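Asks: Okay, sequence plus prediction incoming.
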Amino acid sequence: MQSTYCVYILTNEHNKVLYVGRTENLAKRVYEHKHKCAEGFTKKYNISKLVYYELYEDKDAAAEREYRIKRWRRAWKDQLIAERNPQWQDLYESICG
């Protein structure tokens, strides 16, 4: 059985704060962010809107991509999101159904 790894970007209601993460179960992880299941950055800043994600078959490739994106300037992250999701819509429903 092959795993799928995901690098994702979340933001808050007004798109002011970004969070870059990585997981093996995107739907479950975003649910946890949305329902504030854990203390931390995303709970503190009310970050719960999925605006971008990429899928990988290789765990190391996903980890490297997450590492790189986290170090990008905000403008680069904004551009990455806007290329695939110009309206910055919440993509959560599209990954659950």
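Replies: That came through fine. Residues are numbered from 1 along each chain as shown.

Asks: The closest residue in space to Leu91 that isn't next to it in sequence: what secondary structure?
Replies: Distance criterion Cβ to Cβ, 6 or more residues apart in numbering; nearest residue to Leu91, sequence neighbours excluded, is Leu50 at 4.6 Å. C-beta: built from backbone N, CA, C; applies to glycine. Three-state assignment for Leu50 (DSSP: H, G, I helix; E, B strand; the rest coil): strand.

Asks: ditto for Ile69
Replies: Going by three-state DSSP: Ile69 is helix.

Asks: if I pick the closest residue to Tyr8 other than its chain neighbours, what's in contact with it?
Replies: In this structure, Tyr8 finds its nearest non-sequential neighbour in Tyr53, 4.1 Å apart by Cβ to Cβ, 6+ apart. Tyr53 is in contact with Cys6, Val7, Tyr8, Ile9, Leu26, Leu91, Ile95, counting by Cβ atoms under 8 Å, 6 or more residues apart in numbering.

Asks: what distance separates the start and the end of stretch 9-18?
Replies: 7 Å (Cα to Cα, to the nearest Å).

Asks: Of the contacts of Tyr53, grab the buried ones for ChimeraX.
Replies: Buried residues within the contacts of Tyr53, by 16 or more other Cβ atoms under 10 Å, are selected in ChimeraX with:
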select :6,7,8,9,26,91
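
Asks: Tell me where the chain is predicted with low confidence.
Replies: Counting by pLDDT under 70, the chain has low-confidence residues at 1-2, 97.

Asks: Would you map the helices across it?
Replies: 26-34, 41-44, 59-70, 74-84, 92-96 (DSSP state H).

Asks: so which of these is the most packed in?
Replies: Sort the helices of the chain by mean neighbour count, taking mean count of other Cβ atoms under 10 Å, and helix 26-34 sits at the top with a mean of 18.
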